[in-house]
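Novice: Mind looking at a prediction? Sequence and model below.
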Amino acid sequence: MVKEKMLEKTNALCNVCLKKIRAEIIEINSSIYLKKTCQEHGEQIELLEEEAEYHNLKKEYDKPGNKIIPETNLRRGCPFDCGLCSEHQQHTCNAIIDITEQCDLNCPTCYASSGKGKHLDLRSIEKIMDYFQKAENNQAEILQISGGEPTTHPQILEIIELAKSKKFRYVMLNTNGLRIARDLEFVEKLARFRDRFEIYLQFDGFSEDTYKKLRGKQNLLNIKLKAIENLKKFNIPITLVATVQKDLNDKEIGKLFEFAINTPGIRGINFQPVAFFGRTQEASTKDRITLSGIIKRLVQQTGSSLKTKDIIPLPCNVWTVGVSYFYRDDKGFLPLTRHIDVKSYLPLIDNTFGFDAEKILKEKNNLIGCCDCVTKFFSSLSKIIPKDYKKMSNEEQMAWWDKHSFRVSIVQFLDKFNFNEKFVKKECVHFITPDLKRIPFSTYNLLYRKNYK
């Protein structure tokens, strides 16, 4: 017997005509669905979360968003007035700049449909960087340099140098790793950016079938492993990024986690369920895997190492991002979310994609007295921070965090099937376009990307 429970109302898009329609978020047999009806195309029911229990605890971690400076006026309403309009409820935690349309792969899952195209000029790139800092009151968080494949840009080193000069908290280079695997001289040049810089490396699994179906005809595993080897030679931090497709590489989620956390030099892994836009927009949504579905598989495939509650909703955007932070050493790893009640420390956590314990430690004196949770928080951290931490140089502190910290994140983007207004208004990963608009990742790929080709 099907039991349907209505949880709340929202707005959605018709799967066919993309018109804005009313919708309900409902629970059916312990899963969460989006139920919507278009006058022309009828009722549509789409999966939002495989595990209702995880969805229902999201509100416990939700933080009010940072105030934003709107860039567009309200005319048609969300999502047709990006970006950002005054209805958006979260600032830009993570800004993406597409510096090129070119790519040296032709991935069937590419949300950007990259291949041939033009490079963005350096002057336009600098304008975007400056705009990001201005929009964030000169405290911009994460800048991701992306594409296409950004390492095909002839000025990629100059672009990274420019980004570092703009004082973002982190700079990431999103890459498929082909050039990094084949060009050791290029990797050596990247090493000078090592501080607060990461390689966001596409790494989908270990089987030939996975790479052929997600990335084209090639089996890229050896190339990915060579890229990691080259980056480790120069101590360049790495985050692995795995696109996950149901009944393909979802059986490798646990193996991916164990490989990442046990490999020196890899600081984290990000799992991204396949979203149905770009080259995959007409695929069957029956193949959808969700954020909570990845958590479930991760726990199942790592035996007793992980528990479901080790991964929590990201306070910045509880609806579509889950995270966990780990302390690791030669004896194993410790999920901090298991031993620190994050809900109790929400006032200490910035509205950002990257929880920065290092930053909190440096600002400790400014936080004392702001709430009772501060003392408890630092008492919890003191169990893992070495006693001589304050005596370390910046270089030594950076090396300590590289070695001992690890992050798992799961980011579920919204396509025309599971899009709903409530979720996208808190989305904090934004593209910044050449005409200086911040557009949420989901709406950009769903509605706006074609306008910038």
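Specialist: Arrived safely, thanks for sending.

Novice: Could I get the full set of helices for the stretch 101-250 of the chain?
Specialist: 122-135, 156-165, 178-182, 184-190, 208-215, 221-233 (DSSP state H, counting those that start in this stretch).

Novice: which helices and strands does the last one pack with?
Specialist: The one in question is helix 221-233. Packing partners of helix 221-233 (3 or more CB pairs under 8 Å, 6 or more residues apart in numbering; DSSP states H and E): helix 178-182, helix 184-190, strand 197-202, strand 238-244. Any C-beta I mention is one placed from the backbone N, CA and C, and that applies to glycine too.

Novice: try 6 Å this time
Specialist: Helix 221-233 sits against helix 178-182, with contacts defined as 3 or more CB pairs under 6 Å, 6 or more residues apart in numbering; DSSP states H and E.

Novice: try the fifth one
Specialist: Contact analysis of helix 208-215 by 3+ CB pairs under 6 Å, 6+ apart lists no helix or strand as a packing neighbour.

Novice: Can you give me the buried ones in it?
Specialist: Using 16 or more other CB atoms under 10 Å as the test for burial, helix 208-215 gives 210, 211, 213, 214, 215.

Novice: chain center to it: distance?
Specialist: 22 Å (CA atoms, centre = their mean, to the nearest Å).

Novice: Check the first one too.
Specialist: Its chain's C-alpha centre and that of helix 122-135 lie 21 Å apart, by CA atoms, centre = their mean.

Novice: Any buried residues in it, and which?
Specialist: 124, 125, 128, 129, 131, 132, 133, 135.

Novice: That helix to helix 156-165, inter-axis angle?
Specialist: With axes from the mean of the first three to the mean of the last three CA atoms, to 10 degrees as the basis, helix 122-135 and helix 156-165 are set at 20 degrees to each other.

Novice: ok, and what's touching stretch 176-185?
Specialist: 104, 105, 149, 151, 187, 201, 202, 223, 224, 226, 227, 230 (CB atoms under 6 Å, 6 or more residues apart in numbering).

Novice: separation between the residue lying closest to residue 394 once chain neighbours are set aside and residue 169?
Specialist: Take residue 394 and drop its neighbours on the chain: the residue closest to it by CB to CB, 6 or more residues apart in numbering is residue 195, 7.9 Å away. Going from residue 195 to residue 169 by CB to CB, to the nearest Å gives 11 Å.

Novice: In terms of neighbours, single out the busier of these two.
Specialist: residue 169 (16 against 11; other CB atoms under 10 Å).

Novice: pLDDT wise, what is the residue nearest to the more buried one when sequence neighbours are not counted at?
Specialist: With CB to CB, 6+ apart as the criterion, residue 169 has its nearest non-adjacent residue at 5.0 Å, and that residue is residue 141. pLDDT, residue 141: 92.

Novice: in which helix or strand would I find residue 270?
Specialist: Element membership of residue 270, judged by DSSP states H and E, is strand 266-273.

Novice: Pairing partners for that strand, with directions?
Specialist: Applying DSSP bridges to the sheet, strand 266-273 is found paired with strand 238-244 (parallel), strand 405-411 (parallel).

Novice: Can you say which of those is packed in most?
Specialist: Most buried of the strands paired with strand 266-273, by mean neighbour count (mean count of other CB atoms under 10 Å): strand 238-244, with a mean of 23.

Novice: Show me the contact partners of it.
Specialist: Under the criterion CB under 6 Å, 6+ apart, residues 109, 198-204, 214, 231, 250, 256, 260, 265-273, 289 lie in contact with strand 238-244.

Novice: what do you get for stretch 9-22?
Specialist: Contacts for stretch 9-22 (CB under 6 Å, 6+ apart): 23-24, 34, 36, 38, 41, 44, 416-417, 419-422.

Novice: do stretch 74-92 as well
Specialist: Here stretch 74-92 makes contact (CB under 6 Å, 6+ apart) with 65-66, 68, 70-72, 421, 424-426, 428, 430, 437-439, 443.

Novice: which one among these gets closest to residue 316?
Specialist: The closest of these to residue 316 turns out to be residue 428 (CB to CB; 5.2 Å).

Novice: so what's the closest one up against?
Specialist: By CB under 6 Å, 6+ apart, the residues touching residue 428 are 90, 93, 316, 317.

Novice: now with 7 Å?
Specialist: 90, 91, 92, 93, 94, 316, 317, 353 (CB atoms under 7 Å, 6 or more residues apart in numbering).

Novice: tally of neighbours for the fourth one?
Specialist: The burial metric for residue 93, expressed as a neighbour count using other CB under 10 Å, is 24.

Novice: Would you mind measuring from residue 60 to residue 271?
Specialist: 22 Å.

Novice: again, but for residue 225
Specialist: Going from residue 225 to residue 271 by CB to CB gives 19 Å.

Novice: out of these two, which sits in the more crowded spot?
Specialist: residue 271 (25 against 16).

Novice: ok, what's across the strand from that one?
Specialist: So, taking DSSP bridges as the rule, residue 271 has residue 242, residue 410 as bridge partners.

Novice: my read: it touches residue 294, true?
Specialist: Yes. When contacts are counted by CB atoms under 7 Å, residue 271 is listed as touching residue 294 (5.1 Å).

Novice: Check the strands paired with strand 266-273 for me: which has the lowest mean pLDDT.
Specialist: strand 405-411 (a mean of 93).

Novice: How about residues contacting it?
Specialist: 257, 261, 267-272, 291, 294-295, 311, 320-328, 333.

Novice: Quick check: next helix or strand after that strand?
Specialist: Per DSSP H and E, the first helix or strand lying C-terminal to strand 405-411 is helix 421-424.

Novice: just checking, what packs against that following helix?
Specialist: Counting contacts by 3 or more CB pairs under 7 Å, 6 or more residues apart in numbering; DSSP states H and E, helix 421-424 packs against strand 4-13.

Novice: Let me know the average pLDDT across the strand it packs on.
Specialist: Average pLDDT, strand 4-13: 95.
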